[in-house]
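Colleague: Pasted the sequence and its predicted model underneath.
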Amino acid sequence: MASSSASSIKPPLPSALTPSSSSPSKSSAFCLVNTASFNKLKLISLSRSHAQRSFLVSNVLKTADASSASTTKDLESSFSSSVGTNPTILVSEKLGEAGLRVLREFGHVECAYDLSPEELCLKIASCDALIVRSGTKVTRQVFEAGKGRLKVVGRAGVGIDNVDLQAATEFGCLVVNAPTANTIAAAEHGIALLTAMARNVAQSDASMKAGKWQRSKYVGVSMVGKTLAIMGFGKVGSEVARRAKGLGMHVVAHDPYAPADRARAIGVDLVSFDEAISNSDFISLHMPLTSSTDKIFNDDTFAKMKKGVRIINVARGGVIDEDALVRALDSGIVAQAALDVFTEEPPSKDSKLVQHENVTVTPHLGASTKEAQEGVAIEIAEAVIGALNGEVSATAVNAPMVAPEVLSELAPYVVLAEKLGRLAVQLVSGGSGVKTVKVTYRSARDPEDLDTRLLRAMITKGIIEPISNSYINLVNADFTAKQKGLRISEERIVVDSSPELPVDSIQVQISNVDSKFASAVKENGEISIEGRVKFGIPHLTCVGSLGTDVSLEGNLILCRQQDQPGMIGKVGNILAEHNVNVSFMSVGRTSRRKQAIMAIGVDEEPNKEALNKIGSVPAIEEFVFLKL
């Protein structure tokens, strides 16, 4: 591989990743992982009484710079230039006042309810975040209208079927929900419908208010000893199961993703879909609405059920074919149904299902308790603010789900990963462009115990962002890489080092490209750099086959030279003459008085004259300036 002229200061852009001439400015303050520094790790743990918030604590990872005041100012300036001093948050459906107070302390909040799709698209162009419930459809057109400014959509609740996740991912918009705050409320409502249906509470109440006394007509059925099938054994489904067990019911569940040990701990048997619906007296639905669950309860499935079965739905109306349910009720296959959700909300006034005498209905009240409403409002407000602040949320639904403890452990390696990607692409000298990247993780841990999704995303960010107008974050890293034809493979090698450290080193290799710094090319013809974390700080430890040891801070000058006295002084004097401050120097060599590589950290970017002087030093064979 041939290297370019040593005096070249601006690397040509690989043709596969060429920026537009109108490339917008990008703000690292909006990155899901703020890679300016991970030296300060903030784990937010919010605890409230159960009466205030009936949901689990969501830990998030916040990154902040603790290395220098100037970097902090840069971040603040960057944030202000993108979203202003007060980011705008549009709330398109009613949200609890407690959540609105949290949002107003952070930025400008605009509450605009009952917007038409056209009105929403007009408003979203000037908004940084959008908070919805189930009524607002966040379509591809909404993300397109956001023009890159919309950075987070918050769903105040669990289901996200009203948000186009594919479009959100393509536009780099994080989607977060509030999956825990209304769990208990929804479970309680499911049990309320179960018991009310079994004992004809709603019908007998209406009868008495009509002046009738019909004891014999409203004889109910007992629940004790009966089998209840939970269809969807997530948070709400498992809570319904706990309460049903307390009523003396035998509980089975179907959920292809539910862990068997969690079901066993509650005393629930996991069974197949057909077994669940064919052997149960009651069926309670708690599954999301997806392409695979849309109208999953239809004529065929109703035909497999035990005659006289009773159905409860507090999940999503679309999972039931409502016309088929009416037919099943009329035929007696389904004795009763209790429904809180409908395919169309609100349903039509003349709906045969709503008007059926064997159906108990409520107007989507699953999460409608005062405690749950306030909890959801606070939970989604905090998730949205966290995303705008550069935090990685545990409730993100279109980004790799990384546990808080893993985020905490990987924090400094995330910085290392992005900087290695950023360095590697600057070593490329045009040609056919970057197409193939291999990342090798060396660790004492078993490969299955090392979650590298976050690291891969940040390497992708480091490679693409400096030479493209694409905004890259944890949400769209893999998608953007695929769109640009960039293939990133991973290898994990077990080494004999401390198992307490998640990663011993990270190596990034780029294949089939020319290099502007020939020393970065290994014997196999690939550009190769390697780094590791030392005392919480990312370090560059190898360039090509030459070892070095420099912290990845500021900017970097790499020089390949003859190993002889006075080299540090010569280069240092040139930089001093041009008022460039040196933060560190490190020299690695193959052997004494042979070849060496000098790494120089500088606070400022040297001008062309300074770089030309460095290149003219006789003993320097090649050099490159790299921005970190």
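Modeller: Noted; the coordinates are in hand.
Colleague: Helix, strand, or coil at the closest residue to residue 214 other than its chain neighbours?
Modeller: Of all residues not flanking residue 214 in the chain, residue 207 sits nearest, at 5.2 Å (C-beta to C-beta, 6 or more residues apart in numbering). To be clear about C-beta, it is placed using only N, CA and C from the backbone, and glycine gets the same treatment. With DSSP: H, G, I helix; E, B strand; the rest coil as the basis, residue 207 sits in helix.
Colleague: in stretch 472-487, what's buried?
Modeller: Within stretch 472-487, the residues that count as buried by 16 or more other C-beta atoms under 10 Å are 472, 473, 474, 475, 476, 477, 478, 479, 480, 481, 484, 486.
Colleague: circling back: any idea how far residue 195 is from the residue nearest to residue 214?
Modeller: From residue 207 across to residue 195, the span is 18 Å (C-beta to C-beta, to the nearest Å).
Colleague: Could you do residue 407 as well?
Modeller: According to C-beta to C-beta, residue 407 stands 42 Å off from residue 195.
Colleague: More neighbours: which of the two?
Modeller: residue 407 (24 against 15; other C-beta atoms under 10 Å).
Colleague: now the more buried one: how far from residue 159?
Modeller: Per C-beta to C-beta, residue 407 is found 25 Å from residue 159.
Colleague: residue ranges with poor pLDDT in this structure?
Modeller: 1-85, 392, 400-404, 430-432, 467-471, 589-591 (pLDDT under 70).
Colleague: Which residue ranges of the stretch 201-350 of the chain form strands?
Modeller: With strands called from DSSP state E, counting those that start in this stretch, the stretch 201-350 of the chain shows them at 227-231, 250-254, 269-270, 282-285, 309-313, 334-339.
Colleague: Outside of the first one itself, list whatever touches it.
Modeller: Applying C-beta atoms under 8 Å, 6 or more residues apart in numbering, the contact partners of strand 227-231 are 194, 237-238, 240-241, 244, 249-255, 268, 271, 273, 276-277, 279-287.
Colleague: wait, what's in contact with residue 258?
Modeller: Applying C-beta under 8 Å, 6+ apart, one finds that residue 258 lies in contact with 233, 234, 270.
Colleague: With adjacent residues omitted, what lies nearest to the second one?
Modeller: Read that as residue 234. That would be residue 286: by C-beta to C-beta, 6+ apart, it lies 6.3 Å from residue 234.
Colleague: Sitting in strands, which of the buried residues of stretch 472-487 do you find?
Modeller: Nothing among the buried residues of stretch 472-487 maps onto strands, per DSSP state E.
Colleague: which among those residues gets closest to residue 335?
Modeller: Using C-beta to C-beta, residue 475 is the member of those that lies nearest residue 335, at 46.2 Å.
Colleague: Tell me if residue 175 really is in a strand.
Modeller: Yes: applying three-state DSSP, one finds residue 175 inside a strand.
Colleague: so how far is residue 181 from it?
Modeller: As judged by C-beta to C-beta, residue 175 and residue 181 stand 17 Å apart.
Colleague: Then residue 534?
Modeller: Residue 534 is 41 Å from residue 181, by C-beta to C-beta.
Colleague: neighbour-wise, which of these two wins?
Modeller: Between residue 534 and residue 181, counted using other C-beta under 10 Å, the more crowded position is residue 181 (29 against 12).
Colleague: I figured residue 306 hits residue 282, correct?
Modeller: No: if you go by C-beta atoms under 8 Å, residue 306 and residue 282 don't touch, sitting 10.1 Å apart.
Colleague: Which strand or helix spans the residue most central in space within the chain?
Modeller: Centroid-nearest residue in the chain: residue 399, 2.6 Å away (criterion: C-alpha atoms, centre = their mean). Assigned by DSSP states H and E, residue 399 belongs to no helix or strand.
Colleague: Hmm, it is touching residue 474, no?
Modeller: Yes: the pair formed by residue 399 and residue 474 meets the contact definition of C-beta under 8 Å, at 4.7 Å.
Colleague: Please state the backbone phi and psi of residue 280?
Modeller: phi -110, psi 150 (degrees, to the nearest 10).
Colleague: ok, now which ones touch it?
Modeller: Residue 280 is in contact with 227, 228, 229, 252, 305, 306, 309, counting by C-beta under 8 Å, 6+ apart.
Colleague: ok, of these, which come out buried?
Modeller: Buried members of the contacts of residue 280, scored by 16+ other C-beta under 10 Å, are 227, 228, 229, 252, 305, 309.
Colleague: For the first one, list each beta-bridge partner.
Modeller: Read that as residue 227. Counting by DSSP bridges, residue 227 is bridged to residue 250.
Colleague: Against residue 280, how distant is it?
Modeller: Distance, residue 227 to residue 280, by C-beta to C-beta: 5 Å.
Colleague: Same check on residue 176?
Modeller: For residue 176 relative to residue 280 (C-beta to C-beta), the value is 35 Å.
Colleague: elements contacting whichever helix in the chain runs longest?
Modeller: Once the chain is assigned using DSSP state H, the helix that runs over the most residues is helix 404-426. Counting contacts by 3 or more C-beta pairs under 8 Å, 6 or more residues apart in numbering; DSSP states H and E, helix 404-426 packs against strand 40-43, strand 61-64, helix 453-464, strand 505-511, strand 527-534, strand 537-543, strand 620-627.
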